[in-house]
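structure of the sequence below:
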Amino acid sequence: MASRENNVAFCLNRRIQHNISMYFRQSLHAIARGSVLSSLLLCITLSLSSLSAKTRPAPALDSGYVQALAAADHFLQAWQAGDLENGMALLSGHAKDAANRDVVERFFSNPEPSGYEIDRGKLMKHGRYDFPVVLVTVPSKNVHAHRRFSSVVVVNTSNNDWAVDKLP
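Coordinates of the predicted model:
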């Protein structure tokens, strides 16, 4: 008789534990479904809000913008390569007068590895653009790159011939 009572007690204990674990499992599934639904709702809300946000239209570019950007890029490529001759050829007469030869030579004599970034140019007046630039150099003794923020001004000299009017 004692073994029968033990079997009944064992079955009741097992049944009660099973029911308790089922209750917790169902609760966890309900929480998980709720968090999935709330995450889905959050994603939908964010995607709809970004679609409804107003975007600024890009400013209209005149025909000289691409040539001005190319001139600034060629000038900075000459700087990166340390090519004084091609860099001087891209300078306007005003820039050559404003900066003496020593300043220009120092600008192009860059023994460290270097690079540059050009941002979107702004039309200052017809035939004159200002391009914000970042000149990046890595000194040989230092691991960290050195960034110098400046700008390159490019002007239309004549017949869509563009030249750098201000050194960075």
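
let me see the domain layout of this structure.
With domains defined by automatic domain parsing, the chain comprises 1-55, 65-166.

tell me, which of these is the model least confident about?
For the domains of the chain, mean pLDDT drops lowest on domain 1-55, to a mean of 57.

so who does K122 touch?
K122 sits next to 129-131 when contact means CB atoms under 8 Å, 6 or more residues apart in numbering. The way it works is simple: take the backbone N, C-alpha and C, and place the C-beta from them, glycine included.

distance to A71, secondary structure and neighbour count added to those residues, as a markdown table?
Output for those, formatted as a markdown table (distance: CB to CB, whole Å; DSSP: H, G, I helix; E, B strand; the rest coil; neighbours: other CB atoms under 10 Å):
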| residue | distance to A71 | secondary structure | neighbour count |
| --- | --- | --- | --- |
| Y129 | 9 | strand | 26 |
| D130 | 13 | strand | 18 |
| F131 | 9 | strand | 23 |
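
tell me which of those residues is nearest to G82?
For these, the minimum distance to G82 (CB to CB) is 20.8 Å, reached by F131.

isn't the closest one up against D119?
Yes - at 6.7 Å, F131 and D119 qualify as touching, with contact defined as CB atoms under 8 Å.

from the contact counts, what lies against the strand ranked longest in the chain?
When the chain is parsed with DSSP state E, its longest strand is strand 146-158. Secondary-structure packing of strand 146-158 (3 or more CB pairs under 8 Å, 6 or more residues apart in numbering; DSSP states H and E): helix 65-81, strand 128-137, strand 161-166.

who does the second one pair up with?
Looking at strand 128-137 with DSSP bridges, its paired strands and their directions are strand 114-118 (antiparallel), strand 122-125 (antiparallel), strand 146-158 (antiparallel).
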